[in-house]
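Undergrad: Build me a model:
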Amino acid sequence: MGSCAACQPMRESLPSTTRFNMRWIAVLTLSVVMVFRAAAAQNSLKDHLGPFASSEPSGITSADIEEIATIIQQSGISVNLDPFCSSAELDHVLDDCQFRQLTVLLKNVDTQLLVFNVPRTLKPAPFAVVFHFGRGLGEIYLVSMSGNLIRAYIQTAGGPFELNETGEAKQKFLIDMAYWARNIGQIYDAFGIARPKNRQ
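TA: This is a model prediction of the structure:
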């Protein structure tokens, strides 16, 4: 599992969630975790997200990302992302590095974590920070509210956040964002919020 110094509260909540065998679970401990299980592994770009990936990922629309950001900004767990903010120079944009967060735990052969972070106090949110951790590697995306990739980073276990400008980073970003777009209804469910009609 990738290292995430900024996500210690999320990691501390995992032992209480991994024993459940359900599709979606919202665990209100130190983080909100949705659990999804399947029998597949993440090995390469082709298998990124395994069975949870769309066959034709198309990223995310501005309306989708604004909807997700609004839900998480209102109901997500408060976290401090100082280590990442310093590396990405977000401390020049934010007064502090306080975010609201939702974590998704994907239970494959290899556990993967997807984390959606939104600045806590800036409304509307100017950007989101999306993490994907698995197999000792963290992939981090700074995302505009139009759904575009601003910058991508990688982090190996215990290592620094490094800029990732490869073409594969953009492809993985599209896969991850398509996942979030497809599962907006479950985000409402995770927080116990009634789904609007268009998310039924």
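Undergrad: the helices in the protein, which residues?
TA: Secondary structure of the chain (DSSP state H): helices at 8-13, 62-75, 82-88, 167-182, 184-190.
Undergrad: where are the low-confidence patches of this structure?
TA: Residues of the chain meeting the criterion pLDDT under 70: 1-59, 108-110.
Undergrad: Span of stretch 132-139 from start to end?
TA: End-to-end distance of stretch 132-139: 5 Å, with CA to CA, to the nearest Å as the criterion.
Undergrad: Buried residues, it. List them.
TA: For stretch 132-139, burial by neighbour count (16 or more other CB atoms under 10 Å) applies to 132-134, 137-139. Glycine gets a C-beta too; all of them are placed from N, C-alpha and C.
Undergrad: what's the answer for stretch 148-163, then?
TA: 149, 152-155, 161.
Undergrad: This protein: strands as residue ranges?
TA: Using DSSP state E, the strands found in the chain span residues 33-37, 77-80, 98-107, 111-119, 127-134, 137-144, 149-156, 162-163.
Undergrad: closest one to Ser62 among those strands?
TA: The closest of the strands of the chain to Ser62 is strand 137-144. By CB to CB, the value is 8.5 Å.
Undergrad: Reformat the helices of the chain as TSV; add mean neighbour count and distance to Lys107.
TA: Formatted as TSV, those follow (neighbours: other CB atoms under 10 Å; distance: least, CB to CB, whole Å):
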stretch	mean neighbour count	distance to Lys107
helix 8-13	17	15
helix 62-75	18	22
helix 82-88	18	25
helix 167-182	19	15
helix 184-190	19	15
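Undergrad: Point out the one among these that comes closest to Ala128.
TA: helix 62-75 (5.7 Å).
Undergrad: Report the spatially nearest residue to Lys170, omitting neighbours in sequence.
TA: In this structure, Lys170 finds its nearest non-sequential neighbour in Leu149, 6.0 Å apart by CB to CB, 6 or more residues apart in numbering.
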